[in-house]
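S.K.: what follows is a protein structure lacking sequence information:
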């Protein structure tokens with residue numbers, strides 16, 4: 001009889017989603033974004049409205065460590081924030097209560 005090895009605990013996982021902090025969410029006017037990367041890289045930030053139209057695009061020259069920026073949210077609604085760097089894509093749902 002063979003037995004499979006199964007995980008018995010939960011470790012903190014480092015995922016793409018954990019590499020970016022977006023706050024406050026819900027947001028009223030200005031959204032803070034913090035992106036932690038290991039090596040210098042170009043960071044592209046895009047904001048999409050609820051119909052999927054890109055309404056904002058921003059590019060940063062990312063440095064190793066934590067990179068901070070802010071973006072203005074144009075109006076009340078639901079948005080999708082996408083962050084691209086190296087081979088990573090981070091997607092966050094943003095709610096604006098403007």
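M.R.: Received it, and whenever you're ready, just let me know what you need. Just so we're clear, the structure is a prediction, and the values are computed from it rather than from any experiment.
S.K.: please report how far residue 76 lies from residue 28.
M.R.: Applying C-beta to C-beta, to the nearest Å, the value for residue 76 to residue 28 is 9 Å. Glycine gets a C-beta too; all of them are placed from N, C-alpha and C.
S.K.: anything in contact with each of the two?
M.R.: Common contacts of residue 76 and residue 28 (C-beta atoms under 8 Å, 6 or more residues apart in numbering): 96-98.
S.K.: where does the chain have low pLDDT?
M.R.: 1-17 (pLDDT under 70).
S.K.: tell me where the protein has strands.
M.R.: Listed in chain order, the strands of the chain (DSSP state E) span 20-23, 30-37, 41-48, 54-62, 65-72, 77-85, 88-96.
S.K.: JSON lines for the ones you listed, including mean neighbour count?
M.R.: Putting the strands of the chain into JSON lines (neighbours: other C-beta atoms under 10 Å) gives the following:
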{"stretch": "strand 20-23", "mean neighbour count": "16"}
{"stretch": "strand 30-37", "mean neighbour count": "17"}
{"stretch": "strand 41-48", "mean neighbour count": "18"}
{"stretch": "strand 54-62", "mean neighbour count": "13"}
{"stretch": "strand 65-72", "mean neighbour count": "13"}
{"stretch": "strand 77-85", "mean neighbour count": "17"}
{"stretch": "strand 88-96", "mean neighbour count": "15"}
